[in-house]
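A.B. asks: Structure of the sequence below:
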Amino acid sequence: MTHATTVWQANRSGGLTGAEVLIETALAAGVDVCFANPGTTEMPLVAALDSVPGTRAVLGLFEGVCTGAADGYARITGRPAMTLLHLGPGFANGIANLHNARRAHSPVFNVIGDHASWHLAHDAPLTTDIVSLALPVSGWVATAASGAGLAQLTARAIGAATAPPGCGATLIAPADFQQEVLTAPVDVELPGVRRPREVTAEIIDPIAKRLRAGERAVLLLGGAALGERGQRAAARIAAATGAVLYSETFPAAAERGGGLPDLDRLPYFPEVAVEALAGAQLVVLAGALEPVSYFGYEGIPSLLAPPGTVEVLSAPEEDGALALEVLADTLGAPEPARRTVQSDEPLPDGALTPGAVGRIVAGLLPEHAIVSVEGGTCGYPFFTASSRAARHTTLTNTGGAIGQGLPAAVGAAIAAPGRKVVALQSDGSAQYTIQSLWTMAREQLPVVTLIASNRAYNVLRTELGRHGQSRPGPVAAALTSLDGPAFDWPALARGYGVPGTRVETGEELRRELGRALAADGPQLIEMAL
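C.D. replies: Numbers count the residues shown, from 1 in each chain. Predicted coordinates:
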């Protein structure tokens with residue numbers, strides 16, 4: 001549902017520019033944060049952020065920081081932030097994290113300044129086919145043809161972005177239309193609240209029948225089904241039927257800890273996932289997509305569930321939590337006993353290992369923290385340990401394009417200023433968007449960055465082994481090594497304005513993490529593994 005409004009600033013004489021009505025429309029639609037890396041063709045929009053107050057403008061030193069931050073912001077709030085990017089090359093720098101945002105179904109509103117419409121025919125050096133760049137990572141793309149069109153298309157873009165399950169929407173704004181002065185009000189149709197579609201009994205009842213018949217079942221949860229309601233309903237179903245519960249391997253956002261069900265992720269490596277699902281006669285998808293191997297390997301199926309077992313309870317655009325609740329009610333499944341959180345187990349001492357890091361971070365997390373996880377070294381051990389942590393929200397890399405973890409932490413911290421954010425990050429992927437540290441320092445965001453420092457691309461070394469290269473040669477070893485020279489993470493952090501330190505033992509990590517969580521502003525800890 002939409003509602004009409006008139007974009008106009010009554011106390012302004014001489015009319016508004018196209019850039020100003022764009023900002024005013026975005027504010028009227030509830031978009032009040034802009035992650036920006038602007039250039040020449042966005043200067044009218046930069047000026048409009050002053051003349052139309054109300055938008056928090058956050059500078060990123062690299063476009064991938066802006067797009068990843070908008071993704072993190074959307075995952076926490078469910079609402080879009082705006083990105084402001086410079087022409088096709090600037091947008092291209094942000095595409096990797098827009099790919100991750102697309103896989104997360106995150107509503108993101110991209111505004112890209114373009115050359116003046118009359119200048120495009122001359123093929124200036126920065127002229128680019130922006131539409132072709134935008135289509136693969138956007139559910140909606142349009143180019144404004146007038147100043148008034150900037151307002152009208154802004155409303156449509158935000159409406160498209162927020163339509164369940166959420167998507168990126170990209171508006172291309174030629175510079176001359178940003179500058180155009182409008183002397184009359186502009187009528188726009190602002191999007192209303194978009195609610196996910198409810199699942200019908202025709203879908204739920206046949207699944208309930210198969211579960212009652214005793215079929216061995218796996219429930220795979222994703223999207224909104226990984227909130228508290230969905231997990232509690234899934235636990236009811238599992239207790240009543242013996243179904244096994246899994247989260248999708250890389251969830252956009254999952255509630256964890258605080259007595260919620262001990263719900264682990266479906267394993268990453270395909271042969272392990274195939275084994276986990278092998279005994280299932282029924283694989284029920286609640287907000288998740290059918291599990292697919294991340295890469296293709298000879299002799300291993302691409303589709304990981306046994307053939308003919310998959311049934312969709314709810315698609316990502318549907319209300320997965322409600323569908324699970326109705327399924328549980330249909331089965332007459334009672335509420336199981338709540339899990340208790342064990343907090344008296346001693347945390348590890350001695351040399352740091354991934355398992356020790358996972359337990360220490362989970363043990364020290366404050367209530368309602370947000371953890372942005374990127375990298376498998378400590379990410380998987382943490383996720384397993386985190387079921388016994390205080391209640392928190394975990395974000396993971398949904399699309400596999402690395403460089404997502406630090407920007408997502410930036411966006412999450414801006415989305416939820418009262419919550420502490422932990423970025424649990426591997427050293428290689430952190431270098432892709434290390435500029436995020438500067439934005440954390442500038443905005444004084446409460447982000448604690450934990451760098452798992454093994455000085456190698458371990459996942460690639462694992463893949464070399466899977467391809468028969470268990471003893472890589474000198475070139476392969478060099479291309480998967482991050483040593484010689486080694487990163488000096490505390491020095492890098494301090495160079496961006498973030499206090500940094502290095503730890504090597506469990507005792508040191510417990511001390512420094514406790515201190516960092518109690519501090520104001522950003523902190524970085526390198527964890528030597």
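
A.B. asks: from here on, contacts and neighbour counts on C-alpha atoms
C.D. replies: Will do.

A.B. asks: in the stretch 351-500 of the chain, which ranges drop under the pLDDT threshold?
C.D. replies: For the stretch 351-500 of the chain, no stretch is flagged by pLDDT under 70.

A.B. asks: Helices along that one, start to end?
C.D. replies: Secondary structure of the stretch 351-500 of the chain (DSSP state H, counting those that start in this stretch): helices at 354-364, 376-385, 405-415, 427-430, 436-443, 458-466, 474-479, 489-495.

A.B. asks: what does the stretch 1-150 of the chain give?
C.D. replies: With DSSP H, counting those that start in this stretch as the criterion, the stretch 1-150 of the chain has helices at 18-28, 43-51, 63-77, 87-103, 130-134, 147-162.

A.B. asks: so what secondary structure elements neighbour the second one?
C.D. replies: When you say that, I think you mean helix 43-51. With contacts taken as 3 or more C-alpha pairs under 8 Å, 6 or more residues apart in numbering; DSSP states H and E, helix 43-51 sits against helix 18-28, helix 175-179.

A.B. asks: To Ala305, which of the ones you listed lies closest?
C.D. replies: The minimum distance between Ala305 and the helices and strands packed on helix 43-51 falls on helix 18-28, with 42.9 Å, by C-alpha to C-alpha.

A.B. asks: which helices and strands does the closest one pack with?
C.D. replies: Short answer (3+ C-alpha pairs under 8 Å, 6+ apart): helix 18-28 packs on strand 2-7, helix 43-51, helix 147-162, helix 175-179.

A.B. asks: Give me the nearest residue to Arg194, chain neighbours excluded.
C.D. replies: Counting by C-alpha to C-alpha, 6 or more residues apart in numbering, Arg194 lies nearest to Ala163, which is 5.7 Å off, once chain neighbours are set aside.

A.B. asks: starting at the chain centroid, how far to stretch 225-245?
C.D. replies: On the basis of C-alpha atoms, centre = their mean, to the nearest Å, stretch 225-245 sits 24 Å off its chain's mean C-alpha point.

A.B. asks: Sorry, slip of the keys, the one I care about is stretch 461-479.
C.D. replies: On C-alpha atoms, centre = their mean, the centre of stretch 461-479 falls 31 Å from that of its chain.

A.B. asks: again, but for stretch 481-496
C.D. replies: When distances are taken as C-alpha atoms, centre = their mean, stretch 481-496 is centred 26 Å away from the chain's centroid.

A.B. asks: end-to-end on it?
C.D. replies: Distance between the two ends of stretch 481-496: 24 Å, counting by C-alpha to C-alpha, to the nearest Å.

A.B. asks: what's it in contact with?
C.D. replies: By C-alpha atoms under 8 Å, 6 or more residues apart in numbering, the list of residues contacting stretch 481-496 from outside reads 428, 435, 437-438, 441, 455-457, 499-502, 524-526.

A.B. asks: Go again with 6 Å.
C.D. replies: Leu437, Trp438, Arg455, Ala456, Gly500, Thr501 (C-alpha atoms under 6 Å, 6 or more residues apart in numbering).

A.B. asks: With respect to Arg56, which of the residues you listed is nearest?
C.D. replies: Trp438 (16.9 Å).

A.B. asks: what's the distance between that closest one and Leu395?
C.D. replies: Trp438 is 21 Å from Leu395, by C-alpha to C-alpha.

A.B. asks: neighbour count winner among those two?
C.D. replies: Leu395 (26 against 20; other C-alpha atoms under 10 Å).

A.B. asks: Ser372 is in contact with that one, correct?
C.D. replies: Yes: contact status for Leu395 versus Ser372: in contact at 4.8 Å, counting by C-alpha atoms under 6 Å.

A.B. asks: Ile451: neighbouring residues, count only.
C.D. replies: Neighbour tally, Ile451, other C-alpha under 10 Å: 25.

A.B. asks: tell me the contacts of it?
C.D. replies: By C-alpha under 6 Å, 6+ apart, the contact set of Ile451 is Gln425, Ser426, Asp427, Glu526, Met527.

A.B. asks: Go through the residues you listed and flag which are in strands.
C.D. replies: Among those, DSSP state E puts Gln425, Ser426, Glu526, Met527 in strands.

A.B. asks: Okay, and the beta partners of the first one?
C.D. replies: So that's Gln425. In this entry, Gln425 is beta-bridged to Glu374, Ile451, by DSSP bridges.

A.B. asks: Extract the C-alpha trace of the helix or strand where Leu524 lies and format it as CSV.
C.D. replies: Per DSSP states H and E, Leu524 falls inside strand 523-528. The C-alpha coordinates for strand 523-528 follow below in CSV (Å, rounded to 0.1, in the frame of the first residue of the first chain):
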residue,chain,number,x,y,z
GLN,A,523,39.0,-1.1,19.7
LEU,A,524,41.1,-3.7,17.8
ILE,A,525,42.7,-6.9,19.1
GLU,A,526,45.0,-9.1,17.0
MET,A,527,44.7,-12.7,18.1
ALA,A,528,47.9,-14.6,17.2
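
A.B. asks: Since that was my last question, I'll sign off now.
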